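1. Following is a predicted model, sequence given first.
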Number of protein chains: 2
Amino acid sequence: MNIDGKFTTRLLDRDRATIARAISVVEAGGDAAYRLLDSIHARTGRAYRVGITGPPGAGKSTLAGEVTRTLRQAGHSVAIIAVDPTSPFTSGALLGDRVRMADLDNDENVFIRSMATRGTGGGLGASTADVADIFDAAGFDYIFVESAGVGQTELDVRHLVDTTVVVLVPEAGDQIQAAKAGLMEIADIFVMNKCDRPGSSTAMQSLQSAASFRNHGDSQWQTGVIETAATESRGTAELVEEILRHKAWLRATGRQRGLLHKRAEQRLQRRISEAVDNRVWSAENRQYLANALAQVMAGELSQDSVVREICARIKLPDKCDE
Amino acid sequence: MNIDGKFTTRLLDRDRATIARAISVVEAGGDAAYRLLDSIHARTGRAYRVGITGPPGAGKSTLAGEVTRTLRQAGHSVAIIAVDPTSPFTSGALLGDRVRMADLDNDENVFIRSMATRGTGGGLGASTADVADIFDAAGFDYIFVESAGVGQTELDVRHLVDTTVVVLVPEAGDQIQAAKAGLMEIADIFVMNKCDRPGSSTAMQSLQSAASFRNHGDSQWQTGVIETAATESRGTAELVEEILRHKAWLRATGRQRGLLHKRAEQRLQRRISEAVDNRVWSAENRQYLANALAQVMAGELSQDSVVREICARIKLPDKCDE
């Protein structure tokens, strides 16, 4: 594809076909992706990014849909990046949620994009941040990253967004709370979804007590807990208000700029790592390693000499294993 | 420390103080760790490695203790590497389990070592594999890696061991099953622990049906489901038998050698990555990057030129971002 000035102009004009093509380019990675990202870089940094995460079946997609409708009524444009887990155990449930969001697909100020996770671990693909940049450059006011993964995905999302919303449900109670200890640490806002179900008040108490552990110090963000029943739109307005309150807090305290800086740093580091890895793990070096490994396993070659050989091949200065 | 022939001899003689010092050396990493690992390399590859993983509170430590007692009665020596999550939500429960294992601490053919996870995500520290190598070289017959983490830890363990045992409990039912979809894919053996609790038979059915999805083809390992009640030692003998059955299957099918090869490969790759990373992210380069990042954010410098500069600094051949 020819990523010229015209393409960039159409992207900034929020042309849907151009956005879709741009996403394909960054997902494919490589030089073309970097050229595209460099060309839109100056236009990013205006959108507000919100992560919605939590265990499968917590109703994240439905909630994202409700919040989107509320923001649309206030005149804002919204992009949703839904990161699906690869596991067949959860994709069925997600599909149902997707169908419920169909009305949003007909709104030209809403763009929903599904993305695959990387591997069974469910880590967010590196390109999730890049896709968010495309929506940012295209002028979307809010970008939601919905990660319905297991484990790492949920924790990764924090680094991509300004506000992290963690969605839980009453049923699983303490068991889930414990299993999701990692989630506790990344939440800016907790949502107890499906709050009309049995066990809700006990679960709310335990969630509020978990949140209160983190709320100490006047200069700290006070993590709120919102009760919602997304299928009946209950609590959606309160959640939107809480997101906007966190947004205002980040700007007032100057932390928003810190988040932008952190994201730019991570992106640069990732790009450097990719460039270096491409050279270190070249086809030629991989072939050398396959042979060397057999010798290492037979005790004929030390790991150390293999490391030195690779370092010599990519011309690292001095000895490189100290 | 002086890692000389004497040190290695004491390690191979299973001297407890020497083992403890060796573990500290590999945990600290760097050149000394690699010298030590190279010196014991020829003595590794005999121990059988078993991962025990599952959600917090599933009773993994107690189960590991029971299995260890059974293996001890058969005359085998056992090392246990317990990888604790950093989260305060789960460490309390684990502490209780640790206390219950106190009797094993007085057995000189048992060695229990706790290790920290890396970061909130709970990834297994790179040195977990190295610590297993130390126990292997010291002549322990069985090495258990108990990972009580959230998310990534549970999935990482598969790469370190020969047999992966996934422990679940009845209470959480389908919710946990779905949340733990990633666990389903890595299990060689499922354990339904605390099978005396309510909801056990329903949970067993759903677990057996999950396992049956994976059991197709004669050449495939048939994933078994074992019911245990670890605090009363119920099902422990069956679990040990199933572990030995998997061990025999791996050897009979030649897959054991494939696992050894895979682990050696990952170790070599990790060591090369560390050596390269040390050069790429040197103090000098980090200083350059901090300055460059400000210019990138101000739009005065492209990411691309920063990547090229770093590549030039470590003397990668040709252009390195294609």
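-> Arrived safely. Residues are numbered from 1 along each chain as shown, chains lettered A, B, ... in the order given.

2. Can you tell me the element A:A22 falls in?
-> For A:A22, the element it lies in under DSSP states H and E is helix A:16-28.

3. buried stuff in that helix?
-> In terms of neighbour count (16 or more other C-beta atoms under 10 Å in any protein chain shown), helix A:16-28 has its buried residues at A:T18, A:I19, A:R21, A:A22, A:I23, A:V25, A:V26, A:E27. Bear in mind the C-beta positions are built from the backbone N, C-alpha and C, glycine included.

4. so, in contact with chain B or not, that helix?
-> No: using C-beta under 8 Å from any C-beta of the partner chain, helix A:16-28 stays clear of chain B, with a minimum separation of 13.4 Å.

5. What is the helix or strand following that helix packed up against?
-> Once the chain leaves helix A:16-28, the next helix or strand it forms, by DSSP H and E, is helix A:30-40. If you count contacts as 3 or more C-beta pairs under 8 Å, 6 or more residues apart in numbering or on different chains; DSSP states H and E, helix A:30-40 packs onto helix A:5-12, helix A:16-28, helix A:127-137, helix B:303-313.

6. So what touches helix A:30-40?
-> Identification of contacts with helix A:30-40 by C-beta atoms under 8 Å, 6 or more residues apart in numbering or on different chains yields A:1, A:3, A:8, A:11-12, A:22, A:25-27, A:127, A:130, A:133-134, A:137, A:271, B:302-304, B:321-322.

7. The nearest residue to A:D162 once chain neighbours are set aside: what secondary structure?
-> Leaving aside its sequence neighbours, A:D162 sits nearest to A:R49 (C-beta to C-beta, 6 or more residues apart in numbering or on different chains; 5.0 Å). When classified by DSSP: H, G, I helix; E, B strand; the rest coil, A:R49 comes out as strand.

8. do you know how far A:R49 is from chain B?
-> The gap separating A:R49 from chain B is 17 Å, by C-beta to the nearest C-beta, to the nearest Å.

9. Next up, the contacts around that residue.
-> With contact set as C-beta under 8 Å, 6+ apart, A:R49 has these partners: A:A132, A:D136, A:Y142, A:I143, A:F144, A:V145, A:L160, A:V161, A:D162, A:T163.

10. change it to 7 Å
-> For A:R49, the contacting residues are A:A132, A:I143, A:V145, A:L160, A:V161, A:D162, by C-beta atoms under 7 Å, 6 or more residues apart in numbering or on different chains.

11. Is A:R234 in contact with A:T228, as I believe?
-> Yes: between A:R234 and A:T228 there is a contact under C-beta atoms under 7 Å: 5.9 Å.

12. Neighbour count: the two, which is higher?
-> Neighbour comparison, A:R234 and A:T228: the larger count goes to A:T228, with 25 against 16 (by other C-beta atoms under 10 Å in any protein chain shown).

13. A:L36 versus the nearest residue to the more buried one once chain neighbours are set aside, what's the distance?
-> Distance criterion C-beta to C-beta, 6+ apart; nearest residue to A:T228, sequence neighbours excluded, is A:G235 at 3.4 Å. Per C-beta to C-beta, to the nearest Å, A:G235 is found 39 Å from A:L36.

14. ok, now A:D130?
-> A:D130 is 9 Å from A:L36, where distance means C-beta to C-beta.

15. Same check on A:S24?
-> From A:S24 to A:L36 the distance is 10 Å (C-beta to C-beta).

16. ok, back up a step: joint contacts of A:D130 and A:L36?
-> In terms of C-beta under 7 Å, 6+ apart, A:D130 and A:L36 are both contacted by the residues A:V26.

17. Find the residue ranges of the stretch 151-300 of chain A scoring beneath the pLDDT cut-off.
-> A:151-155, A:172-183, A:213-218, A:230 (pLDDT under 70).

18. Could you pull out the strands in it for me?
-> In the stretch 151-300 of chain A, the strands defined using DSSP state E, counting those that start in this stretch lie at A:163-168, A:189-192, A:224-227.

19. Can you say which of those strands is packed in most?
-> Counting by mean count of other C-beta atoms under 10 Å in any protein chain shown, strand A:163-168 has the highest mean neighbour count of the strands of the stretch 151-300 of chain A, with a mean of 27.

20. Next, count neighbours for the nearest residue to A:A211 once chain neighbours are set aside.
-> Of all residues not flanking A:A211 in the chain, A:T223 sits nearest, at 4.5 Å (C-beta to C-beta, 6+ apart). Using other C-beta under 10 Å, A:T223 has 21 other residues around it.

21. State the three-state secondary structure for A:I80.
-> At A:I80 the chain is in strand, as set by three-state DSSP.

22. Next up, the contacts around it.
-> Shown in contact with A:I80 (C-beta under 7 Å, 6+ apart): A:A64, A:T68, A:I112, A:F144, A:E146.

23. Tell me the buried residues in the one helix or strand the first one maps to?
-> Read that as A:A64. A:A64 belongs to helix A:60-73 when assigned by DSSP H and E. For helix A:60-73, the neighbour count (16+ other C-beta under 10 Å) marks A:60-72 as buried.

24. I'd like to know which elements that helix is packed against.
-> Identification of packing neighbours for helix A:60-73 by 3 or more C-beta pairs under 7 Å, 6 or more residues apart in numbering or on different chains; DSSP states H and E yields strand A:48-53, strand A:78-84, helix A:88-100, strand A:142-147, helix A:236-252.

25. Now that helix: average pLDDT?
-> The average pLDDT within helix A:60-73 is 91.

26. quick check: angle from that helix to strand A:142-147?
-> Per axes from the mean of the first three to the mean of the last three C-alpha atoms, to 10 degrees, the angle that helix A:60-73 makes with strand A:142-147 is 180 degrees.

27. and the biggest helix by length in chain A with chain B, contact?
-> The helix that spans the most residues within chain A, counting by DSSP state H, is helix A:255-280. Yes: contact of helix A:255-280 with chain B (C-beta under 7 Å from any C-beta of the partner chain) involves A:H261, A:A264, A:E265, A:L268, A:R271, A:I272, A:A275, A:V276, A:N278, A:R279, A:V280.

28. among those, which ones are buried?
-> A:A264, A:L268, A:R271, A:I272, A:A275, A:V276, A:R279, A:V280.

29. With distance to A:A298 added, can I get those in CSV?
-> Listed next are these as CSV, based on distance: C-beta to C-beta, whole Å:
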residue, distance to A:A298
A:A264, 47
A:L268, 42
A:R271, 38
A:I272, 36
A:A275, 34
A:V276, 30
A:R279, 28
A:V280, 24
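
30. re the thing from before, out of the helices and strands packed on helix A:60-73, which is the most enclosed?
-> The most buried stretch of the helices and strands packed on helix A:60-73, if neighbours are counted by mean count of other C-beta under 10 Å, is strand A:142-147, with a mean of 27.

31. residues in the stretch 201-322 of chain A within reach of chain B, list them.
-> Taking C-beta under 7 Å from any C-beta as the criterion, the stretch 201-322 of chain A approaches chain B at residues A:261, A:264-265, A:268, A:271-272, A:275-276, A:278-280, A:289, A:293, A:296-297, A:299, A:302-304, A:306-307, A:310-311, A:314-317, A:320-322.

32. rerun that using 8 Å as the cut-off
-> Counting by C-beta under 8 Å from any C-beta, the stretch 201-322 of chain A sits next to chain B at A:210, A:260-261, A:264-265, A:267-269, A:271-276, A:278-280, A:289, A:292-293, A:296-297, A:299, A:302-304, A:306-307, A:310-311, A:314-317, A:320-322.

33. From the buried residues of helix A:60-73, pick the one nearest A:G45.
-> Nearest to A:G45, judged by C-beta to C-beta, of the buried residues of helix A:60-73 is A:L71 at 19.3 Å.
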